[in-house]
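J.: What follows is a predicted protein model with its sequence.
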Amino acid sequence: MKPRLIILLCGFLLAGCRSESGVSPIKFPQAEVTVKGRTLRVEVAWTPELRFHGFRFRRSVPEGTGMIFLFPEPSYLAFVMTDTPVPLSIAFARRDGTIFQIERMKPFDTSRYHSVGQAQVALEVPQGWFEANGVGVGDRIEGLNELFAQFPPKQ
């Protein structure tokens, strides 16, 4: 197969991930976490495929919902919004749930949003949710022990 055909094939596969309704065709497991007394219904991205897909191609992320990314080991993380049309905020946290960084991410942004320290958890929510709920650095994401037990992160 010629290189150009491989690129086109990849493009068709990615285009197939789009949905007119804005809902992901990939099924993420769902769970609840609590941050500063506020309950969030989250989709759990615990495998490489789910972490890669994230909120790509979603046209909306309802209030009170988000996506939690679980990683097998603490590491410096980087996220990109290339195929994500909605503005999001991301919190980077340690395994114990302590948030050490919050960033606002722009739709379709090709730059990388890097964690300033080693994180094992990232939580994405609609942009402004952290501020609206008084959540900041030092606050904790509760319920992670159960999530890590139910969804042990894959490499």
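T.: Now that the structure is in, tell me what you want to look at.
J.: moving C-terminal of the lowest-mean-pLDDT helix or strand in the chain, what's the next helix or strand?
T.: Sorted by mean pLDDT, DSSP states H and E, the helices and strands of the chain end with helix 3-15, the least confident at a mean of 34. Next helix or strand after helix 3-15 toward the C-terminus (DSSP states H and E): strand 30-35.
J.: For the very next helix or strand once past that next one, give me every contacting residue.
T.: Along the chain past strand 30-35, the next helix or strand (assigned with DSSP H and E) turns out to be strand 38-45. Residues outside strand 38-45 that contact it (Cβ atoms under 8 Å, 6 or more residues apart in numbering) are 28-34, 50-51, 53-54, 64-70, 123, 125, 133, 135, 147, 151. C-beta: built from backbone N, CA, C; applies to glycine.
J.: Return the subset of those lying in helices.
T.: Cross-referencing the contacts of strand 38-45 against helices under DSSP state H gives 50-51, 53, 147.
J.: Excluding sequence neighbours, find me the nearest residue to residue 121.
T.: Sequence neighbours aside, residue 93 is the residue nearest to residue 121 in space, at 4.3 Å (criterion: Cβ to Cβ, 6 or more residues apart in numbering).
J.: And residue 98, by the same measure?
T.: Counting by Cβ to Cβ, 6+ apart, the residue nearest residue 98 is residue 140, at 5.4 Å.
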